[in-house]
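Undergrad: could you look at this predicted model? Sequence included:
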Amino acid sequence: MDSRTRMALAMRHEIPDRVPVMCQLALGHYFLNTDIPPHRIWFTSEGFAEALVMLQRRYRFDGILINLPGRPPDLLDDVASLTRTAEGERLVWRNGEVTIFPPDDNPYHLMPDGSKPPRADFATLDPDHLEILDDLVGYTWGVYHIPHLAGKTCRGPLTEIPDYFLRTIDRVMELTQHAVSIHGEVFSPFTHFMELFGYENALVNLLMDAAKAHALLDRLTEAVIAWAVAQARRGVDAVLISSAFAGGPFINRQMYREFVLPYERRVAEAVKAEGVIVYTHTCGSIGDRLDLMVETGTQGIDTLDPPPLGNVHLADAKRQIGDRVFIKGNMNAVEMLTYTTPEQVIAHASERIRIGAPGGGYILSTACSVSPHMEPWKLELLTPLAEEIGRYDRPGETASE
């Protein structure tokens, strides 16, 4: 059975030959563990695609998450200078803005005077006139990780997708011959809202004027749906809704029900209408809202951070929602940094397989992104382990039972 089929069966709650393995890697992990320069991973479709496939092959993962949009083919022509400093690669753009790449972390962007990029002002932003978003570097950088959106065909929220956004998907499909499961990613409307104003201000805005917040979330949802549907139509096997700020302690259960659930439901419905799997990534403490996450119509839940990062115990999640959605994650990526022997990694992963595998619908993965400094040998152990103890002898059982 090839990896793409294995993942498809697991995501649809059918029984594959074994438990699939697929971890999301922090961008810093690609920077440290490939020979591709960080700026080429971040700012070229080809560089990122090659990094994705390189580490998928090294770790023998059954799937690849493409969590950056494709780039304009001539984007780096706008770079005036590139230098390597003690703090990492430093790109100066022709307009004077600066992007700095730490060797082990996401890059950050500065204005010509060294200040942080501007965010929107909630008090003055009109939900019916969002043309200002085109010029908000803080928003476009935070959400799309790119200094500008050359080739946009509309003003305001991105509802018509430039073809270059899909370049990385095309290249990954070409390099893998689509033998592995290829997943696209969109940010939740709530994540867009958080990035638009900055995290603290965004949370205050929800309390100050809920009606206006809903109007903005409605408009932002249109952009999320457009990007999700474009990826689904390009042929990805699944679309991940990245909703990193929808867990505790950012918002409580009631705020999730009001400001997250209805908008993510619209995104999930749009993806499923294209015949493509949709699932949700939410970090932190989500044990009190797993049922609400299922109400969005998502078909899978990713991360399931265990204590102390979150509050989800895999056995509890399996009992609560394991018959309705697939589950991906729950390995403690921070604790794994402290492991010094293969036996420790194997014991931790084996327990996840033992609990998650029965009945299908489980994908072995770290809870959140693999740390930049996670030693590769630890990840190299996971697929051989799944092959050894994660096989399904008959429906509902694994070889380890």
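TA: Nice, I can see it. Not measured: the values here are computed from a predicted model.
Undergrad: following the host helix or strand of residue 10, which helix or strand shows up next?
TA: Residue 10 belongs to helix 3-11 when assigned by DSSP states H and E. Tracing the chain past helix 3-11, the next element assigned as helix or strand by DSSP H and E is helix 27-33.
Undergrad: C-alpha coordinates for stretch 322-338, CSV please?
TA: What follows is stretch 322-338 as a C-alpha-only set of coordinates in CSV (Å, rounded to 0.1, in the frame of the first residue of the first chain):
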residue,chain,number,x,y,z
GLY,A,322,-12.6,9.0,17.9
ASP,A,323,-15.6,7.6,16.2
ARG,A,324,-16.5,10.8,14.4
VAL,A,325,-13.2,12.3,13.3
PHE,A,326,-9.6,11.1,12.7
ILE,A,327,-7.0,12.0,15.2
LYS,A,328,-3.4,13.1,14.5
GLY,A,329,-0.8,13.9,17.0
ASN,A,330,-0.4,13.8,20.8
MET,A,331,3.3,13.0,20.9
ASN,A,332,5.0,15.6,23.2
ALA,A,333,7.4,17.4,20.9
VAL,A,334,8.9,19.4,23.7
GLU,A,335,9.5,16.4,26.0
MET,A,336,11.1,14.6,23.0
LEU,A,337,13.8,17.2,22.9
THR,A,338,15.0,15.8,26.3
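Undergrad: which strands or helices does the helix holding residue 10 pack on?
TA: Packed against helix 3-11 by the contact rule (3 or more Cβ pairs under 8 Å, 6 or more residues apart in numbering; DSSP states H and E) you find strand 181-187, strand 277-282, strand 362-363. Just so you know, the C-beta spots here come from the backbone N, C-alpha and C atoms, and that holds for glycine as well.
Undergrad: can I get these in a markdown table with distance to residue 250 and mean pLDDT?
TA: Supplementary listing: the helices and strands packed on helix 3-11 in a markdown table, determined by distance: least, Cβ to Cβ, whole Å; pLDDT from 0 to 100:
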| stretch | distance to residue 250 | mean pLDDT |
| --- | --- | --- |
| strand 181-187 | 15 | 98 |
| strand 277-282 | 10 | 98 |
| strand 362-363 | 25 | 98 |
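Undergrad: now the ones you listed as TSV including distance to residue 263 and mean neighbour count?
TA: Compiled in TSV, these are given as follows (distance: least, Cβ to Cβ, whole Å; neighbours: other Cβ atoms under 10 Å):
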stretch	distance to residue 263	mean neighbour count
strand 181-187	11	25
strand 277-282	12	25
strand 362-363	25	26
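Undergrad: I'd like those as TSV, with distance to residue 13 appended.
TA: As requested, the helices and strands packed on helix 3-11 are exported to TSV (distance: least, Cβ to Cβ, whole Å):
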stretch	distance to residue 13
strand 181-187	15
strand 277-282	11
strand 362-363	10
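Undergrad: just want the angle from the helix holding residue 10 to strand 277-282.
TA: Orientation check (axes from the mean of the first three to the mean of the last three Cα atoms, to 10 degrees): helix 3-11 against strand 277-282 gives 70 degrees.
Undergrad: quick one: neighbours of residue 238, just the number.
TA: By the measure other Cβ atoms under 10 Å, the count of residues near residue 238 is 24.
Undergrad: list the contacts of the closest residue in space to it that isn't next to it in sequence.
TA: If the residues on either side of it in the chain are set aside, residue 238 comes closest to residue 277, at 4.0 Å by Cβ to Cβ, 6 or more residues apart in numbering. Residues near residue 277 by Cβ atoms under 8 Å, 6 or more residues apart in numbering: 8, 11-12, 237-239, 271, 299-300.
Undergrad: what is the nearest of the residues you listed to residue 144?
TA: For residue 144, the closest of those turns out to be residue 239, at 16.3 Å, with distances computed as Cβ to Cβ.
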